[in-house]
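Asker: here is the input, now give the coordinates:
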Amino acid sequence: MADEYHSVENKAERTTVFYLLRHGECEGGEILRGHTDVVVSQTGRASMAAAIERLVERHDVEFDHMFSSPLRRCSEFALNISLKNGVPLTLEEGLKEVNFGDWDGETIESLYQNSAQMIESYWKDPWAVTPPNGESMLEFESRVDALWQTILQQYNGQTLLLITHAGVMRHLMANALGVSGVAGFYTQLSLTYASVVKISVFTSPQGHFSKLHWGDA
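Answerer: Predicted structure coming up:
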């Protein structure tokens with residue numbers, strides 16, 4: 001009876017490992033991308049490929065499933081990796097970057113020329129300011145959180161690769177650290193192009209417990 005109890009208990013305790021990969025450098029210059037659908041540059045593709053190669057070589061990682069933002073700067077590379085390695089791929093709207101509304105696709109220079117005060121306020125506290133006709137931070141975070149919980153429920157105990165954007169990754173990193181709605185926090189999290197972040201989630205009957213891994217992703 002005791003052996004049977006421990007067997008059930010162990011099945012209820014699993015660790016799901018998420019590797020988050022930011023897309024590489026994009027074509028189109030210094031613009032606020034958001035939902036603007038641009039492609040990754042040749043340099044960007046190379047840096048993404050190198051990031052995955054380092055990850056596999058250092059940690060002997062095998063992905064059970066891949067998820068990607070449907071925007072081309074993520075999805076084209078994701079499709080290539082999926083076909084090359086035979087890993088199932090799902091494109092998810094929830095992994096898109098923040099929708100910057102009227103600012104989306106504009107150059108950083110023009111935004112500062114026309115809306116300097118508002119955009120500065122947005123960088124300082126994006127929860128207090130929403131881009132014109134754009135997505136609020138609460139809306140953005142809600143869709144990312146909803147997808148995260150769905151993936152965690154359906155792929156519990158697996159090793160997963162998410163190819164996405166800096167805003168999505170910063171939010172998930174903040175969640176893993178237990179930080180919510182802190183002005184200036186996102187800008188303090190440095191994420192260069194093709195950065196890889198690892199988050200593990202231990203699931204037990206008591207709930208989910210997240211850990212953000214530094215330096216070993």
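Asker: can you list the low-confidence ranges for this structure?
Answerer: Low-confidence segments of the chain, defined by pLDDT under 70: 1-11, 216-217.
Asker: hey, where'd the helices end up in this structure?
Answerer: Ranges of helices within the chain are 2-11, 42-59, 72-85, 108-124, 137-154, 166-176, based on DSSP state H.
Asker: centre of the chain to the second one, how far?
Answerer: The gap between the average C-alpha position of helix 42-59 and the chain average comes to 16 Å, counting by CA atoms, centre = their mean, to the nearest Å.
Asker: does anything pack onto it? Which helices or strands?
Answerer: For helix 42-59, the packing partners by 3 or more CB pairs under 8 Å, 6 or more residues apart in numbering; DSSP states H and E come out as strand 14-22, helix 72-85, strand 196-204. Using the backbone N, CA and C atoms, a C-beta is placed for each residue, glycine as well.
Asker: next, format the ones you listed as JSON lines and append distance to residue 28.
Answerer: Output for the helices and strands packed on helix 42-59, formatted as JSON lines (distance: least, CB to CB, whole Å):
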{"stretch": "strand 14-22", "distance to residue 28": "16"}
{"stretch": "helix 72-85", "distance to residue 28": "10"}
{"stretch": "strand 196-204", "distance to residue 28": "23"}
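Asker: how about these in CSV, adding distance to residue 154 and mean neighbour count?
Answerer: Listed next are the helices and strands packed on helix 42-59 as CSV, based on distance: least, CB to CB, whole Å; neighbours: other CB atoms under 10 Å:
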stretch, distance to residue 154, mean neighbour count
strand 14-22, 10, 21
helix 72-85, 18, 18
strand 196-204, 12, 18
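Asker: nearest to residue 168, of those?
Answerer: Nearest to residue 168 among the helices and strands packed on helix 42-59 is strand 14-22 (7.8 Å), distances taken as CB to CB.
Asker: tilt between that closest one and strand 196-204?
Answerer: Compare the direction of strand 14-22 with that of strand 196-204 by axes from the mean of the first three to the mean of the last three CA atoms, to 10 degrees and you get 160 degrees.
Asker: ok so, going back, nearest to residue 36, of the helices and strands packed on helix 42-59?
Answerer: Closest approach to residue 36 among the helices and strands packed on helix 42-59 (CB to CB): helix 72-85, 9.5 Å.
Asker: so how far is the closest one from its chain's centroid?
Answerer: So, by CA atoms, centre = their mean, the centroid of helix 72-85 is 15 Å from its chain's centroid.
Asker: need the contact partners of that helix.
Answerer: The contact list for helix 72-85, computed with CB atoms under 8 Å, 6 or more residues apart in numbering, reads 23-24, 26, 33, 37-40, 44-45, 48-49, 52, 63, 66, 68-69, 87-89, 91, 95, 161, 163-165.
Asker: just stretch 172-187 next, same as before
Answerer: For stretch 172-187, contacts defined as CB under 8 Å, 6+ apart pick out 18, 20, 123-128, 137, 144-145, 148, 167, 170-171, 189, 197, 199, 210-212.
Asker: now the residues you listed: which count as buried?
Answerer: Buried members of the contacts of stretch 172-187, scored by 16 or more other CB atoms under 10 Å, are 18, 20, 126, 137, 144, 148, 167, 170-171, 189, 197, 199, 210, 212.
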